[in-house]
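[1] Predicted model, plus sequence, below.
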Amino acid sequence: MKQGTIGFLKRSPLHLVLIGLAIVWMLPTAGLLITSFRTPGDVGDTGWWTVLAHPFNFTQYTLQNYESVIFEGGMGRAFINSLVITVPATLFPILLAGFAAYAFAWMNFRGRNLLFMTVVGLMVVPLQMTFIPILSIFAKLRIAGTFPAIWLAHAGYGMPLMVYLLHGFIAGLPKDLFDSAAIDGASSIKTFFRIVVPLSVPAIASVAIFQFLWVWNDLLVALIYLGGSPNVGPVTLKVANLVGSRGQNWEILTAAAFVSMALPLVVFFSLQRYFVRGILAGSVKG
Amino acid sequence: MRTRRWVPWLYTAPALLLLIFFLVYPSVETARLSFFDRAGESYVGWQNYVYAFTNNTMLTAFRNNAIWLVGFTLFTVSFGLLFAVLLDRVRYERLIKSMVFIPMAISMVGAGTIWKFVYAYRPASVSQIGLLNAIVVGLGGQPIGWLIERPWINNICLIVVGVWIWTGFCMVVLSASYKNIPKQLMEAARIDGATEWQIFRRVILPLLMPTIAVVTTTMIVFVLKIFDIVYVMTNGNFSTEVLANRMYKEQFSFTNYGRAATIAVILLVLIIPMMVINIRRFRQQEATR
């Protein structure tokens, strides 16, 4: 016990550096969270850190800011829009990427490797390269500013990374499984749904989290294909607009920002393991 | 597996069609548009490129992208390495990793709001509500307009936000690689009387080099396209413009498609060498596996 204490003291510079850095990393978010529960008057008068003098004096906190951003500020609507955008834009491309990854991993066809390299190589293309032509097609099809437009866009943009990550996993499944499925006369579609999908759950989970966080947190693609319309705009767009229009109302901004962060944080904390695995399995998209 | 010849195409077709529609075709079309005028109607040769490399705001954007490239990459990778190596030595590793990693889960818009508040500026006569200025004033200084003071302070303040978000990513990747280094190697060096610093320089760093290279190129590819942070925090004002934000403005504020397309092509050209390095490295790893 005593030796433990001495060891701890000897290594105190290490602990100080690490704990210090961790606090620096958390302070900005802590400030945001605390501010979002303070009254507009307090926020304007004093820094958020003043509440730390007597943190358990609950009269200084209020839920008013959340009430006003969610019900009057349109943040509730934006939250629902974000869900409507994110869920299909996550599930539907994963299925398609899974089909493609399965074919690339376990079927023989001419040009397979070249095609696969090309698909993965498309990760280089900056999204900015694609906006003008697609927008003009969307305008002609009259789907610019609608949910299907952004579902399709996210499906297309996410595809290279999703195919790459899923391929890495599916190609690593044991060959015997596929041989015995073939001997049993299972069709390829049956093999996919009965063998590949159940065994690839960890990989599917990491890809799903990636795509979910990417779509939920995206601002650029939403700005381009949805425009500024509040009817379809997601939370990121709403917060960006609030920063522009109510830049000094910190209590409103911080509450709105926190609403936009709540779901990703829940997803992140409950599925952190898969998220990290996804990062390690491949690169990132952009 | 014996399958009919068209079956593989049935499986890959949906993905391939999406890719052709959203990535292949538009890239080619954008490259073509970069040689046309603002409406995309008449051919103008290299005029947009001449503009891109001579216009003052564009030059500022190039300079800022260069500052981002160096500052952002250097600090995300170094902090990531620092956390990866130091955290392995303490018991509360997981807790701190989560804390550093959290910003990865939130949007850059959310992060931009968080940091705008940290940088909030008010005149010296009233009390400061921004953390950074409160510290400066507390130490007896004058409050600083962090996002206005050009060109170094405000650009550095924006880069800090990016570093805050992406260090977690570098940390996770480098930490996984660090844990793969056999502990006997470090023990052996310690027994031979090497100092911790020598072990880091001579044992850990060389073994981590391949991962550091991957992380660095990934960060470079990402930072060249940096958009959201600048868009939310300064919108490129006060000499903080970057290429991606400039492109957005050319397209939507000035509706000059030729120029916007040109900036996109320049971004692609800047990114390609990094990806080539990454792919080559990836192939080497596959070959030695």
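    That came in fine, so what should we check first? These numbers come from a predicted model, not from an experiment.

[2] hang on, isn't B:Ala52 packed against B:Ile266?
    Yes: using Cβ atoms under 8 Å, B:Ala52 is in contact with B:Ile266, at 6.2 Å. Backbone N, C-alpha and C define where each C-beta goes, glycine included.

[3] mind listing what the residue in chain A positioned nearest to chain B touches?
    Among the residues of chain A, A:Gly156 lies closest to chain B, at 2.7 Å counting by Cβ to the nearest Cβ. Residues near A:Gly156 by Cβ atoms under 8 Å, 6 or more residues apart in numbering or on different chains: B:18-19, B:21-23.

[4] Name the nearest of the residues you listed relative to chain A.
    B:Phe22 (2.7 Å).

[5] State the pLDDT value of the closest one.
    Listed pLDDT for B:Phe22 reads 94.

[6] same question, B:Thr288
    Taking B:Thr288 on its own, its pLDDT is 57.

[7] Now do the contacts for residue 72.
    Since no chain was named, I'll use chain A. By Cβ under 8 Å, 6+ apart, no residues touch A:Glu72.

[8] Oops, wrong one, chain B.
    B:159, B:162-163, B:166, B:219, B:223, B:226.

[9] Helix or strand for the residue positioned nearest the centre of chain B, just tell me which one.
    The centroid of chain B falls nearest to B:Val223 when counting by Cα atoms, centre = their mean (2.8 Å). Taking DSSP states H and E as the definition, one finds B:Val223 inside helix B:205-224.

[10] how far out from the middle of the chain is that helix?
    12 Å (Cα atoms, centre = their mean, to the nearest Å).

[11] What are the buried residues along it?
    Within helix B:205-224, the residues that count as buried by 16 or more other Cβ atoms under 10 Å in any protein chain shown are B:207-208, B:211-212, B:214-224.

[12] Neighbours of A:Gly111, how many?
    9 (other Cβ atoms under 10 Å in any protein chain shown).

[13] what do you get for the one 3 residues further on?
    Other residues lying near A:Leu114 total 9 when counted by other Cβ under 10 Å.

[14] And it, its phi and psi?
    Main-chain dihedrals, A:Leu114, degrees, to the nearest 10: phi -60, psi -40.

[15] re the thing from before, would the residue of chain A closest to chain B count as being in a strand?
    No: counting by DSSP: H, G, I helix; E, B strand; the rest coil, A:Gly156 is located in no strand; its state is helix.

[16] helices and strands around the helix or strand containing A:Val120, which ones?
    Using DSSP H and E, A:Val120 falls within helix A:112-121. When contacts are defined as 3 or more Cβ pairs under 8 Å, 6 or more residues apart in numbering or on different chains; DSSP states H and E, helix A:112-121 packs onto helix A:75-106, helix A:147-170, helix B:7-19.

[17] which residues touch A:Leu199?
    Contacts of A:Leu199 (Cβ under 8 Å, 6+ apart): A:173, A:177.

[18] ok, now with 10 Å
    Neighbouring residues of A:Leu199 by Cβ atoms under 10 Å, 6 or more residues apart in numbering or on different chains: A:169-170, A:172-174, A:177.

[19] got it, and B:Ile204?
    By Cβ under 10 Å, 6+ apart, the neighbours of B:Ile204 are B:81, B:84-85, B:178, B:181, B:185-186, B:189, B:196.
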